[in-house]
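Undergrad: Test case, fold it:
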Amino acid sequence: MFSKIAVMKLRNIIFSLGTLLFPMRCPGCNTVMPGSDPSTRLCETCQNSIALLSGVYCSVCGRRLSETVRHPHSNHILFPATDFKTTAIRNCIHALKYRRERLVARICAELLFLYLKKIERSYDLSFGKWLLIPIPLHPRRARERGFNQSELIAKELLSCYSKAKQPAPSFSASLLARTAYAPAQVRSKTRKARQKNLEGMFAVRDAMELKNQDILLLDDVSTTGTTLHEASAALLRAGARRVFALVVAKVF
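TA: Residues are numbered from 1 along each chain as shown. Below you'll find the predicted structure:
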């Protein structure tokens, strides 16, 4: 029978062989990561390339807002952590959604957490009293992908709050539902096509839980803002007080 020390040595050997055969790569640039520290997630170059934003925006016209009051032509305020033009960010989101590298959800969540702390200080907000809702996938799309990337990011964000021992938003992944299957939004090139693609796509399951709530509606990327607009409309019709769309990156 193997001793505990022998088992630990065997595990270390297996881990070392695994990292030799399948070295850890940075999801931001695909370069091999030095060492074998599993806590390392982005290489130093990619980390330094990401500029964290510090403002809130209108998702329709893209203008930075001086306060958390939405423009009349939008039904929500956009909270983007970063700029999608950054190569490392684009590659990370692509790795999560299409290569199913779930660890990237943690990278996204950490960026969101740092961004939200900035926003709390700048706009005198307290997100511990808000409700965090990830943009849902249709069950068929979820089966195709194997998971909902927005829900993964949301759960990792809650873990960031827990580790920091700070009040976290309440959370629900079931209040908002996508009611019909439609082609992926990436295939819809124009805002009008996206609007038609998503019109009436979202429904609220329990309106009582939304009554007078401030909502953090989480998605990975905002391109035209159509998905967030349609989801926000459903939440507001059901009684939400305000909707703030929290995204990892915005296409400016």
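
Undergrad: tell me the helices in the stretch 101-250 of the chain, going along the chain?
TA: When assigned using DSSP state H, counting those that start in this stretch, the helices of the stretch 101-250 of the chain occupy the ranges 104-123, 139-145, 149-164, 191-198, 226-237.

Undergrad: Least confident of the ones you listed, on average?
TA: With a mean of 65, helix 191-198 has the lowest mean pLDDT of those.

Undergrad: ok, and for stretch 154-163, which residues are buried?
TA: Residues of stretch 154-163 classed as buried by neighbour count (16 or more other CB atoms under 10 Å): Ala154, Lys155, Glu156, Leu157, Leu158, Cys160, Tyr161. Any C-beta I mention is one placed from the backbone N, CA and C, and that applies to glycine too.

Undergrad: I'd guessed the last one sits against Pro167; true?
TA: Yes - with contact defined as CB atoms under 8 Å, Tyr161 reaches Pro167; the gap is 7.2 Å.

Undergrad: So what's the predicted local confidence for the spatially most central residue of the chain?
TA: Geometric centre of the chain, nearest residue: Asp220, 4.0 Å, by CA atoms, centre = their mean. The per-residue pLDDT reported for Asp220 equals 97.

Undergrad: Nearest to Thr86, out of the helices of the stretch 101-250 of the chain?
TA: Proximity to Thr86 (CB to CB) singles out helix 104-123 among these, at 10.6 Å.

Undergrad: elements contacting that closest one?
TA: In terms of contacts (3 or more CB pairs under 8 Å, 6 or more residues apart in numbering; DSSP states H and E), helix 104-123 is packed against strand 77-83, helix 87-98, helix 149-164, strand 242-250.

Undergrad: please redo it, this time with the cut-off set to 6 Å
TA: Here helix 104-123 touches strand 77-83, helix 87-98, helix 149-164, going by 3 or more CB pairs under 6 Å, 6 or more residues apart in numbering; DSSP states H and E.

Undergrad: Now that helix: buried residues?
TA: Within helix 104-123, the residues that count as buried by 16+ other CB under 10 Å are 104-113, 115-116, 119.

Undergrad: For those, give me CSV that also has distance to Leu236.
TA: What follows is the buried residues of helix 104-123, written out as CSV (distance: CB to CB, whole Å):
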residue, distance to Leu236
Val104, 31
Ala105, 27
Arg106, 31
Ile107, 31
Cys108, 26
Ala109, 26
Glu110, 30
Leu111, 27
Leu112, 23
Phe113, 26
Tyr115, 24
Leu116, 22
Ile119, 21
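
Undergrad: tell me the two of those residues that are most distant?
TA: Greatest spatial distance among the buried residues of helix 104-123 (CB to CB): Val104 and Ile119, at 22.5 Å.

Undergrad: shouldn't Lys118 be in contact with Val56?
TA: No - look at Lys118 against Val56 with CB atoms under 6 Å: they stay out of range, at 10.4 Å.

Undergrad: now the chain, which segments are flagged as low pLDDT?
TA: Within the chain, the segments meeting pLDDT under 70 span 1-23, 35-40, 183-197.

Undergrad: Go again with 90.
TA: Applying pLDDT under 90 to the chain flags residues 1-25, 30-41, 60, 99, 138-145, 179-201, 224, 252.

Undergrad: residues near Pro136, how many?
TA: Other residues lying near Pro136 total 22 when counted by other CB atoms under 10 Å.

Undergrad: what's near enough to touch the nearest residue to it once chain neighbours are set aside?
TA: Closest residue in space to Pro136, ignoring its immediate chain neighbours: Arg178 at 4.8 Å, by CB to CB, 6 or more residues apart in numbering. Arg178 sits next to Pro136, His138, Met201 when contact means CB atoms under 6 Å, 6 or more residues apart in numbering.

Undergrad: That'll do, ta.
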